[in-house]
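*Asks:* next come a sequence and a model predicted from it.
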Amino acid sequence: MPTTARATKTQDLSSQLLDWYDRHRRVLPWRAPAGKLTEPYAVWLSEIMLQQTTIAAVIPYFLRFLQRWPSVADLAAAPLDDVLTEWAGLGYYARARNLHACAKAVVERHGGIFPADREALKALPGIGDYTSGAIAAIAFDIPAAAIDGNAERALSRLFDIETPMPLAKPELRRIGESLVPADRPGDFAQALMDLGSTVCTPRKPGCVLCPWREPCRALALGIAESLPRKAEKAVRPHRAGTAFWVVDDTGAVLLRRRAEKGLLGGMIEVPSTEWGPTPPSPSDARSAAPLETDWRVLPGQVRHVFTHFELTLTVWTGRVSGRGDAKLGMWVKPDKFGDYALPSLMMKVVRHAMTKAGC
(Lines give C-alpha, C1' and ligand atoms only; values in the text may rest on other atoms or scores of the structure.)
Protein backbone atom coordinates (compact mmCIF):
# COMPACT_ATOMS: atom_id res chain seq x y z
CA MET A 1 0.00 0.00 0.00
CA PRO A 2 1.40 3.46 -0.92
CA THR A 3 2.56 5.58 2.01
CA THR A 4 -0.18 8.21 1.47
CA ALA A 5 -2.93 5.57 1.35
CA ARG A 6 -1.53 3.86 4.45
CA ALA A 7 -1.48 7.16 6.35
CA THR A 8 -5.06 7.91 5.26
CA LYS A 9 -6.22 4.49 6.46
CA THR A 10 -4.48 5.01 9.80
CA GLN A 11 -6.13 8.41 10.23
CA ASP A 12 -9.50 6.92 9.33
CA LEU A 13 -9.14 4.19 11.95
CA SER A 14 -8.10 6.69 14.63
CA SER A 15 -10.94 9.07 13.74
CA GLN A 16 -13.51 6.27 13.78
CA LEU A 17 -12.44 5.19 17.23
CA LEU A 18 -12.38 8.73 18.63
CA ASP A 19 -15.81 9.51 17.20
CA TRP A 20 -17.15 6.40 18.91
CA TYR A 21 -15.40 7.35 22.16
CA ASP A 22 -16.94 10.82 22.15
CA ARG A 23 -20.37 9.19 22.20
CA HIS A 24 -19.71 6.22 24.48
CA ARG A 25 -16.83 7.10 26.82
CA ARG A 26 -17.18 5.56 30.27
CA VAL A 27 -17.40 7.69 33.39
CA LEU A 28 -14.70 6.43 35.78
CA PRO A 29 -13.47 7.98 39.04
CA TRP A 30 -9.92 8.37 37.70
CA ARG A 31 -10.98 9.77 34.33
CA ALA A 32 -11.16 13.54 33.76
CA PRO A 33 -14.18 15.12 32.04
CA ALA A 34 -14.12 15.37 28.24
CA GLY A 35 -11.53 17.85 27.02
CA LYS A 36 -9.51 17.78 30.26
CA LEU A 37 -6.28 16.01 31.19
CA THR A 38 -6.31 13.58 34.09
CA GLU A 39 -3.94 14.22 36.99
CA PRO A 40 -0.81 12.03 36.61
CA TYR A 41 -1.23 10.69 40.15
CA ALA A 42 -4.73 9.42 39.37
CA VAL A 43 -3.63 7.85 36.06
CA TRP A 44 -0.69 6.10 37.68
CA LEU A 45 -2.61 4.90 40.74
CA SER A 46 -5.48 3.51 38.68
CA GLU A 47 -3.23 1.83 36.12
CA ILE A 48 -1.17 0.05 38.77
CA MET A 49 -4.35 -1.13 40.49
CA LEU A 50 -5.95 -2.26 37.23
CA GLN A 51 -3.14 -4.64 36.32
CA GLN A 52 -4.79 -8.08 36.21
CA THR A 53 -7.76 -6.74 38.19
CA THR A 54 -11.25 -5.70 37.10
CA ILE A 55 -12.55 -2.13 37.14
CA ALA A 56 -15.37 -3.11 39.50
CA ALA A 57 -12.87 -4.47 42.03
CA VAL A 58 -10.52 -1.50 41.70
CA ILE A 59 -12.97 1.41 42.12
CA PRO A 60 -13.45 1.13 45.91
CA TYR A 61 -9.71 0.68 46.46
CA PHE A 62 -8.90 3.68 44.27
CA LEU A 63 -11.37 5.89 46.12
CA ARG A 64 -10.05 4.80 49.54
CA PHE A 65 -6.43 5.38 48.52
CA LEU A 66 -7.24 8.79 47.12
CA GLN A 67 -9.14 9.79 50.24
CA ARG A 68 -6.41 8.58 52.57
CA TRP A 69 -3.46 9.75 50.44
CA PRO A 70 -4.64 12.59 48.16
CA SER A 71 -1.22 13.15 46.57
CA VAL A 72 1.86 11.16 45.66
CA ALA A 73 3.72 12.94 48.46
CA ASP A 74 1.12 11.75 50.98
CA LEU A 75 1.48 8.19 49.72
CA ALA A 76 5.28 8.40 49.85
CA ALA A 77 5.13 9.52 53.49
CA ALA A 78 2.84 6.64 54.51
CA PRO A 79 4.28 3.59 56.29
CA LEU A 80 4.54 0.62 53.94
CA ASP A 81 2.46 -1.46 56.37
CA ASP A 82 -0.44 0.95 55.99
CA VAL A 83 -0.23 0.75 52.19
CA LEU A 84 -0.10 -3.05 52.25
CA THR A 85 -3.04 -3.20 54.66
CA GLU A 86 -5.14 -0.90 52.45
CA TRP A 87 -4.14 -2.98 49.41
CA ALA A 88 -5.12 -6.33 50.98
CA GLY A 89 -7.54 -8.17 48.72
CA LEU A 90 -6.27 -6.74 45.42
CA GLY A 91 -3.61 -9.44 45.08
CA TYR A 92 -0.23 -9.36 43.34
CA TYR A 93 1.29 -7.61 46.34
CA ALA A 94 4.53 -6.75 44.59
CA ARG A 95 2.44 -4.03 42.92
CA ALA A 96 1.72 -2.46 46.31
CA ARG A 97 5.39 -2.49 47.30
CA ASN A 98 6.35 -0.99 43.95
CA LEU A 99 3.54 1.57 44.32
CA HIS A 100 5.03 2.80 47.57
CA ALA A 101 8.59 2.68 46.22
CA CYS A 102 7.52 4.62 43.13
CA ALA A 103 5.80 7.30 45.21
CA LYS A 104 8.98 7.76 47.23
CA ALA A 105 11.05 7.92 44.04
CA VAL A 106 8.77 10.58 42.51
CA VAL A 107 9.22 12.69 45.64
CA GLU A 108 12.96 12.11 45.95
CA ARG A 109 13.91 12.38 42.25
CA HIS A 110 11.25 14.72 40.88
CA GLY A 111 10.08 16.84 43.79
CA GLY A 112 6.72 15.09 44.00
CA ILE A 113 5.79 15.75 40.36
CA PHE A 114 5.52 12.93 37.83
CA PRO A 115 7.90 13.58 34.92
CA ALA A 116 6.35 14.36 31.54
CA ASP A 117 8.83 12.07 29.83
CA ARG A 118 8.26 8.44 28.99
CA GLU A 119 11.82 7.26 29.61
CA ALA A 120 11.92 9.05 32.97
CA LEU A 121 8.61 7.39 33.85
CA LYS A 122 9.96 3.95 32.90
CA ALA A 123 12.90 4.50 35.24
CA LEU A 124 10.51 4.59 38.21
CA PRO A 125 9.76 1.40 40.20
CA GLY A 126 6.89 -0.68 38.83
CA ILE A 127 6.38 1.37 35.66
CA GLY A 128 6.92 -0.44 32.36
CA ASP A 129 6.07 0.13 28.72
CA TYR A 130 2.31 0.05 29.11
CA THR A 131 2.02 2.17 32.27
CA SER A 132 4.51 4.76 31.03
CA GLY A 133 2.57 5.02 27.78
CA ALA A 134 -0.72 5.42 29.62
CA ILE A 135 0.61 8.16 31.90
CA ALA A 136 2.36 9.98 29.04
CA ALA A 137 -0.73 9.91 26.82
CA ILE A 138 -3.55 10.40 29.33
CA ALA A 139 -1.88 12.80 31.77
CA PHE A 140 0.40 14.76 29.45
CA ASP A 141 -1.16 14.29 25.98
CA ILE A 142 2.13 12.96 24.64
CA PRO A 143 1.67 10.75 21.54
CA ALA A 144 2.39 7.38 23.11
CA ALA A 145 0.81 3.95 22.82
CA ALA A 146 -0.79 2.28 25.84
CA ILE A 147 -1.34 -1.29 24.71
CA ASP A 148 -2.94 -3.41 27.42
CA GLY A 149 -4.69 -6.77 27.04
CA ASN A 150 -7.90 -5.12 25.87
CA ALA A 151 -6.05 -3.17 23.19
CA GLU A 152 -4.11 -6.25 22.09
CA ARG A 153 -7.34 -8.17 21.61
CA ALA A 154 -8.97 -5.41 19.55
CA LEU A 155 -5.91 -4.88 17.35
CA SER A 156 -5.31 -8.59 16.79
CA ARG A 157 -8.87 -8.89 15.48
CA LEU A 158 -8.80 -5.68 13.44
CA PHE A 159 -5.66 -6.79 11.55
CA ASP A 160 -6.15 -10.59 11.81
CA ILE A 161 -2.89 -11.24 13.66
CA GLU A 162 -2.48 -15.01 13.81
CA THR A 163 0.74 -15.05 15.84
CA PRO A 164 -0.12 -16.51 19.27
CA MET A 165 0.27 -14.50 22.43
CA PRO A 166 2.59 -13.49 23.96
CA LEU A 167 4.76 -13.70 20.82
CA ALA A 168 2.43 -11.24 19.07
CA LYS A 169 2.99 -8.47 21.63
CA PRO A 170 5.80 -6.61 19.78
CA GLU A 171 3.83 -6.62 16.53
CA LEU A 172 0.68 -5.40 18.25
CA ARG A 173 2.64 -2.66 19.98
CA ARG A 174 4.02 -1.45 16.64
CA ILE A 175 0.52 -1.44 15.19
CA GLY A 176 -0.82 0.44 18.19
CA GLU A 177 1.93 3.03 17.99
CA SER A 178 1.16 3.61 14.30
CA LEU A 179 -2.47 4.41 15.11
CA VAL A 180 -1.84 6.98 17.88
CA PRO A 181 -2.93 10.40 16.54
CA ALA A 182 -0.77 13.47 17.12
CA ASP A 183 -3.78 15.20 18.66
CA ARG A 184 -5.86 13.58 21.43
CA PRO A 185 -3.46 10.70 22.18
CA GLY A 186 -4.85 10.44 25.71
CA ASP A 187 -8.40 10.08 24.44
CA PHE A 188 -7.21 7.52 21.89
CA ALA A 189 -5.54 5.44 24.62
CA GLN A 190 -8.70 5.47 26.72
CA ALA A 191 -10.89 4.81 23.71
CA LEU A 192 -8.90 1.69 22.86
CA MET A 193 -9.19 0.53 26.47
CA ASP A 194 -12.95 1.11 26.44
CA LEU A 195 -13.42 -0.63 23.10
CA GLY A 196 -11.65 -3.78 24.26
CA SER A 197 -13.37 -3.76 27.64
CA THR A 198 -16.96 -3.11 26.56
CA VAL A 199 -17.32 -4.11 22.87
CA CYS A 200 -14.38 -6.21 21.65
CA THR A 201 -14.73 -8.59 24.59
CA PRO A 202 -13.04 -12.01 24.87
CA ARG A 203 -16.31 -13.88 24.33
CA LYS A 204 -19.28 -12.85 22.21
CA PRO A 205 -17.80 -9.53 21.06
CA GLY A 206 -20.37 -6.87 20.20
CA CYS A 207 -19.22 -6.49 16.62
CA VAL A 208 -22.44 -4.81 15.51
CA LEU A 209 -21.62 -1.91 17.88
CA CYS A 210 -17.94 -1.62 16.95
CA PRO A 211 -16.62 1.50 15.18
CA TRP A 212 -14.14 -0.75 13.37
CA ARG A 213 -16.77 -3.21 12.16
CA GLU A 214 -16.23 -2.46 8.46
CA PRO A 215 -12.40 -2.69 8.34
CA CYS A 216 -12.13 -5.58 10.85
CA ARG A 217 -10.51 -8.54 9.10
CA ALA A 218 -11.39 -11.05 11.81
CA LEU A 219 -15.08 -10.16 11.58
CA ALA A 220 -14.99 -10.55 7.80
CA LEU A 221 -13.39 -13.98 8.20
CA GLY A 222 -15.78 -15.00 10.98
CA ILE A 223 -12.97 -15.69 13.45
CA ALA A 224 -13.21 -12.70 15.81
CA GLU A 225 -13.92 -14.76 18.91
CA SER A 226 -10.91 -17.01 18.27
CA LEU A 227 -8.42 -14.12 18.34
CA PRO A 228 -5.97 -13.40 19.78
CA ARG A 229 -4.45 -16.84 19.42
CA LYS A 230 -2.99 -18.24 22.59
CA ALA A 231 -0.05 -20.55 23.05
CA GLU A 232 -0.79 -23.73 24.98
CA LYS A 233 -0.61 -23.15 28.70
CA ALA A 234 1.95 -25.07 30.69
CA VAL A 235 0.57 -27.24 33.47
CA ARG A 236 0.51 -25.18 36.67
CA PRO A 237 2.67 -26.91 39.32
CA HIS A 238 1.38 -27.71 42.79
CA ARG A 239 2.93 -26.84 46.14
CA ALA A 240 1.95 -27.74 49.66
CA GLY A 241 2.69 -26.70 53.22
CA THR A 242 1.42 -26.50 56.78
CA ALA A 243 0.08 -23.40 58.53
CA PHE A 244 0.09 -23.03 62.32
CA TRP A 245 -2.91 -21.46 64.05
CA VAL A 246 -1.75 -20.71 67.60
CA VAL A 247 -4.11 -19.14 70.14
CA ASP A 248 -3.05 -17.88 73.58
CA ASP A 249 -5.16 -17.77 76.74
CA THR A 250 -6.47 -14.28 75.88
CA GLY A 251 -7.77 -15.39 72.45
CA ALA A 252 -4.97 -13.66 70.52
CA VAL A 253 -3.48 -15.44 67.50
CA LEU A 254 0.19 -15.58 66.54
CA LEU A 255 0.98 -13.75 63.27
CA ARG A 256 4.32 -12.87 61.71
CA ARG A 257 5.74 -10.90 58.83
CA ARG A 258 7.01 -12.67 55.72
CA ALA A 259 10.45 -11.85 54.33
CA GLU A 260 10.53 -8.64 52.30
CA LYS A 261 11.67 -10.40 49.15
CA GLY A 262 9.73 -13.15 47.44
CA LEU A 263 6.07 -14.03 47.10
CA LEU A 264 3.82 -12.00 49.42
CA GLY A 265 6.95 -10.21 50.58
CA GLY A 266 6.48 -8.01 53.64
CA MET A 267 2.90 -9.20 54.18
CA ILE A 268 1.55 -10.56 57.47
CA GLU A 269 0.91 -14.31 57.64
CA VAL A 270 -0.30 -17.11 59.82
CA PRO A 271 3.07 -18.86 60.36
CA SER A 272 3.67 -21.69 57.93
CA THR A 273 6.30 -24.08 56.68
CA GLU A 274 8.09 -23.57 53.37
CA TRP A 275 5.90 -24.45 50.40
CA GLY A 276 7.34 -27.43 48.54
CA PRO A 277 6.32 -29.87 45.80
CA THR A 278 5.07 -32.35 48.43
CA PRO A 279 3.47 -31.83 51.86
CA PRO A 280 5.95 -31.74 54.73
CA SER A 281 6.07 -34.84 56.88
CA PRO A 282 4.62 -34.53 60.40
CA SER A 283 8.11 -34.42 61.87
CA ASP A 284 9.28 -31.76 59.40
CA ALA A 285 6.17 -29.69 60.06
CA ARG A 286 6.67 -29.99 63.82
CA SER A 287 10.29 -28.86 63.42
CA ALA A 288 9.11 -25.78 61.48
CA ALA A 289 6.38 -24.89 63.98
CA PRO A 290 6.85 -21.48 65.64
CA LEU A 291 6.63 -22.98 69.15
CA GLU A 292 5.96 -26.22 70.98
CA THR A 293 2.44 -27.18 71.95
CA ASP A 294 -0.01 -30.03 71.52
CA TRP A 295 -0.81 -29.66 67.84
CA ARG A 296 -4.06 -30.85 66.30
CA VAL A 297 -4.63 -31.20 62.56
CA LEU A 298 -7.81 -29.46 61.44
CA PRO A 299 -10.05 -31.30 58.97
CA GLY A 300 -10.01 -30.09 55.37
CA GLN A 301 -7.42 -27.96 53.59
CA VAL A 302 -6.97 -24.43 52.30
CA ARG A 303 -6.48 -24.13 48.56
CA HIS A 304 -5.25 -21.05 46.72
CA VAL A 305 -4.21 -20.39 43.11
CA PHE A 306 -1.30 -18.09 42.36
CA THR A 307 -0.28 -17.07 38.86
CA HIS A 308 2.41 -19.73 38.52
CA PHE A 309 1.35 -22.47 40.92
CA GLU A 310 -1.45 -23.88 43.05
CA LEU A 311 -1.04 -24.17 46.80
CA THR A 312 -2.63 -26.47 49.37
CA LEU A 313 -2.17 -25.78 53.08
CA THR A 314 -2.99 -28.11 55.94
CA VAL A 315 -3.73 -26.18 59.13
CA TRP A 316 -2.52 -27.26 62.56
CA THR A 317 -3.97 -25.63 65.64
CA GLY A 318 -2.65 -25.35 69.15
CA ARG A 319 -3.15 -23.37 72.35
CA VAL A 320 -0.55 -21.85 74.64
CA SER A 321 -0.63 -20.29 78.10
CA GLY A 322 1.44 -17.15 77.91
CA ARG A 323 3.16 -15.92 74.82
CA GLY A 324 6.69 -17.17 75.22
CA ASP A 325 9.31 -15.76 72.87
CA ALA A 326 8.30 -12.22 71.81
CA LYS A 327 10.51 -12.58 68.71
CA LEU A 328 8.12 -15.12 67.22
CA GLY A 329 5.92 -12.44 65.76
CA MET A 330 2.88 -10.56 67.01
CA TRP A 331 -0.18 -11.64 68.95
CA VAL A 332 -3.38 -10.20 67.51
CA LYS A 333 -7.04 -10.63 68.45
CA PRO A 334 -9.08 -11.79 65.44
CA ASP A 335 -11.25 -8.66 65.55
CA LYS A 336 -8.09 -6.62 64.89
CA PHE A 337 -6.92 -8.59 61.84
CA GLY A 338 -8.23 -5.82 59.60
CA ASP A 339 -5.46 -3.56 60.90
CA TYR A 340 -2.81 -5.81 59.37
CA ALA A 341 -1.78 -6.60 55.80
CA LEU A 342 -3.18 -10.11 55.57
CA PRO A 343 -3.32 -11.28 51.92
CA SER A 344 -6.24 -13.24 50.52
CA LEU A 345 -4.50 -16.58 51.08
CA MET A 346 -4.06 -15.87 54.79
CA MET A 347 -7.65 -14.68 55.13
CA LYS A 348 -8.64 -18.10 53.77
CA VAL A 349 -6.48 -19.70 56.46
CA VAL A 350 -8.11 -17.49 59.10
CA ARG A 351 -11.64 -18.41 57.98
CA HIS A 352 -10.75 -22.09 57.81
CA ALA A 353 -9.18 -22.11 61.28
CA MET A 354 -11.95 -20.13 62.94
CA THR A 355 -14.56 -22.43 61.40
CA LYS A 356 -12.87 -25.77 61.99
CA ALA A 357 -11.24 -24.97 65.34
CA GLY A 358 -14.43 -23.43 66.69
CA CYS A 359 -12.83 -20.16 67.74
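*Replies:* Looks like it came in fine.

*Asks:* hang on, isn't Asp160 packed against Ala218?
*Replies:* Yes - with contact defined as C-beta atoms under 8 Å, Asp160 counts as touching Ala218 (5.2 Å). Placement of C-beta: from N, CA and C, glycine included.

*Asks:* list the beta-bridge partners for the closest residue to Arg296 other than its chain neighbours.
*Replies:* Among residues not flanking Arg296 along the chain, Thr317 sits closest, at 5.4 Å (C-beta to C-beta, 6 or more residues apart in numbering). Beta-bridge pairing for Thr317 (DSSP bridges): Trp245, Arg296.

*Asks:* how much space separates Thr317 from Arg184?
*Replies:* 59 Å (C-beta to C-beta, to the nearest Å).

*Asks:* one more: Val83?
*Replies:* Distance, Val83 to Arg184, using C-beta to C-beta: 34 Å.

*Asks:* again, but for Asp339
*Replies:* 45 Å.

*Asks:* more neighbours: these two, which one.
*Replies:* Under the criterion of other C-beta atoms under 10 Å, the comparison of Asp339 against Arg184 puts Arg184 first, with 20 against 12.

*Asks:* for the more buried one, what are its contacts?
*Replies:* The contact partners of Arg184, by C-beta atoms under 8 Å, 6 or more residues apart in numbering, come to Leu18, Asp141.

*Asks:* let's go with 10 Å and repeat that
*Replies:* By C-beta atoms under 10 Å, 6 or more residues apart in numbering, the contact list for Arg184 reads Ser14, Ser15, Leu18, Tyr21, Asp22, Gly35, Ala137, Asp141, Pro143, Gln190, Ala191.

*Asks:* and for Thr198?
*Replies:* His24, Arg26, Asn150, Gly206, Leu209.

*Asks:* the fourth one contacts Cys200, correct?
*Replies:* Yes - shown here, Gly206 and Cys200 form a contact pair, counting by C-beta atoms under 10 Å, at 7.7 Å.

*Asks:* the host helix or strand of Arg23: which residues count as buried?
*Replies:* Assessed by DSSP states H and E, Arg23 sits inside helix 3-24. Neighbour-count burial for helix 3-24, with 16 or more other C-beta atoms under 10 Å as criterion, is recorded at Leu13, Ser14, Gln16, Leu17, Leu18, Trp20, Tyr21.

*Asks:* which one of those residues is nearest to Ala57?
*Replies:* Tyr21 (23.7 Å; C-beta to C-beta).

*Asks:* for the lowest-mean-pLDDT helix or strand in the chain, name the packing helices and strands.
*Replies:* Using mean pLDDT, DSSP states H and E, helix 3-24 stands out as the lowest-scoring helix or strand of the chain, at a mean of 78. Judged by 3 or more C-beta pairs under 10 Å, 6 or more residues apart in numbering; DSSP states H and E, helix 3-24 is in contact with helix 149-158, helix 169-179, helix 185-198.

*Asks:* show me where pLDDT drops low in this protein?
*Replies:* 1-8, 324-327, 358-359 (pLDDT under 70).

*Asks:* before we move on, the earlier item: as JSON lines, the helices and strands packed on helix 3-24 with distance to Ser283 would be great.
*Replies:* Converted to JSON lines, the helices and strands packed on helix 3-24 look like this (distance: least, C-beta to C-beta, whole Å):
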{"stretch": "helix 149-158", "distance to Ser283": "46"}
{"stretch": "helix 169-179", "distance to Ser283": "48"}
{"stretch": "helix 185-198", "distance to Ser283": "52"}
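
*Asks:* can you say which of those is nearest to Gly266?
*Replies:* Shortest distance between Gly266 and the helices and strands packed on helix 3-24, using C-beta to C-beta, is found for helix 149-158: 27.5 Å.

*Asks:* that closest one versus helix 185-198: what angle between them?
*Replies:* On the basis of axes from the mean of the first three to the mean of the last three C-alpha atoms, to 10 degrees, helix 149-158 is oriented at 80 degrees to helix 185-198.

*Asks:* how far away from the center of its chain is helix 149-158?
*Replies:* Counting by C-alpha atoms, centre = their mean, to the nearest Å, helix 149-158 is centred 20 Å from the centre of its parent chain.
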